[in-house]
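Participant: got a sequence here, can you model it:
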Amino acid sequence: MMDWTDRHYRRFVRGLTRRALLYTEMVTAAAILHGDRERLLGFDALEHPVALQLGGDDPQALAEAARAGVAWGYDEVGLNVGCPSDRVQRGRFGACLMAEPHVVADAVRAMRAAVDVPVTVKHRLGIDELDSDAHLHGFVAALVDAGVDRIVVHARKAWLSGLSPKENRTVPPLQHERVVALKRAFPALRIETNGGVRDLEAVVALLRDVDGVMVGRVAYEDPFVLAGVDAVVFGDAAEAPSRAEAVAGYLPYVEARRAEGAPLPPLVKPLIGLVRGARGGRAWRRALSEGSVRAGAGPELIAVALAALPEEVRHARPDRAPDRSDGAGSSVPVGAAGGERRRLVDSRA
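Facilitator: Below you'll find the model as predicted:
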């Protein structure tokens, strides 16, 4: 979720779902060890539960970065072995490490020894010609031996050359059935699936066979889908939030960050898709995207744009049933154990 699941986004969507596990953007271990930790690791206490997503190939550096993340307060630490971008490959991390299971296993082992929170890995079904079930199951077996607590599988292979990162999220065919088969082969391991999930109906269907579902694109393109997660996925009885309530809960945060000198456009960005597919959505997006860059613009811009929406859009709540046809009420990733309703999570690579 590079350039999307920053601290502003996570703080906003926490007003839509209390239960979904949220992920940071991928941060390299080297950046954490040598960079500005407040900028890289800082987050609002209301974001919990939140996972730190790391990138790297040096086990000791990853262990130190994981230790720093836990000291900062993160609830779990995940290693991303799914990102196929050229920049990530040049750094020798991301999806290219699926060709080196021992390196990933060594990293998990070092991180597991360094922290007392769950250590997870997000990866693909395979890369290039390393796409067989034998390779996939061998890769996962190495992670299990290293002590991994949970894996998230993007149910597509990745082509390390010939496709852009964007194409790698859409061109290789989805194969959720292979993730289901992986769960059957490793029944004691928590396994979550990811890729192409656009609504809560699909989430609920997948949760019959795996332990969790991770949702990425729809979570930022149409964040109001997250408002249905707690009821539909977790069975919470509490009333789901409306758009107006979610925005009202976010405004004090915007005001506080602005008082610290944070620019307005990044604070407004998480709200852009909130009215996707609903009446007034185009005017809402224009008011926020154009208004936030004007000199002197402040948090009142958000309140004015909200007030201009039709009342039924401001105060609408998602249906409890996961069978909506208009796109509102979709999903994010999480995971739970045993017979509980599984959790959802917010991430993509």
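
Participant: would you map out the domains in the protein?
Facilitator: 7-234+329-346, 243-314 (automatic domain parsing).

Participant: show me how far the shortest one is from its chain's centre.
Facilitator: Centroid separation for domain 243-314 versus its chain: 22 Å, with CA atoms, centre = their mean, to the nearest Å.

Participant: first-to-last residue distance for that domain?
Facilitator: Start-to-end span of domain 243-314 (CA to CA, to the nearest Å) is 5 Å.

Participant: check stretch 204-211 too.
Facilitator: For stretch 204-211, the end-to-end distance is 11 Å (CA to CA).

Participant: buried set for that stretch?
Facilitator: Buried residues in stretch 204-211, counted by 16 or more other CB atoms under 10 Å: 204, 206-207, 210-211. From N, CA and C alone the C-beta is placed, and that goes for glycine too.

Participant: before we move on, what about stretch 291-304?
Facilitator: 291-292, 297, 299, 301-302.

Participant: just flag the most distant two among these.
Facilitator: For those, the maximum inter-member distance is 11.3 Å, found between Gly291 and Pro299 (CB to CB).

Participant: one step back: and which of the buried residues of stretch 204-211 is nearest to Met111?
Facilitator: For those, the minimum distance to Met111 (CB to CB) is 20.5 Å, reached by Asp211.

Participant: look up how far Val144 lies from the closest one.
Facilitator: 14 Å (CB to CB, to the nearest Å).

Participant: all strands for the stretch 1-150 of the chain, in order.
Facilitator: For the stretch 1-150 of the chain, the strands defined by DSSP state E, counting those that start in this stretch occupy 21-28, 50-55, 76-81, 119-124, 150-154.

Participant: and those as JSON lines, adding mean neighbour count and distance to Tyr250?
Facilitator: Formatted as JSON lines, the strands of the stretch 1-150 of the chain follow (neighbours: other CB atoms under 10 Å; distance: least, CB to CB, whole Å):
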{"stretch": "strand 21-28", "mean neighbour count": "24", "distance to Tyr250": "14"}
{"stretch": "strand 50-55", "mean neighbour count": "24", "distance to Tyr250": "16"}
{"stretch": "strand 76-81", "mean neighbour count": "27", "distance to Tyr250": "24"}
{"stretch": "strand 119-124", "mean neighbour count": "27", "distance to Tyr250": "27"}
{"stretch": "strand 150-154", "mean neighbour count": "26", "distance to Tyr250": "27"}
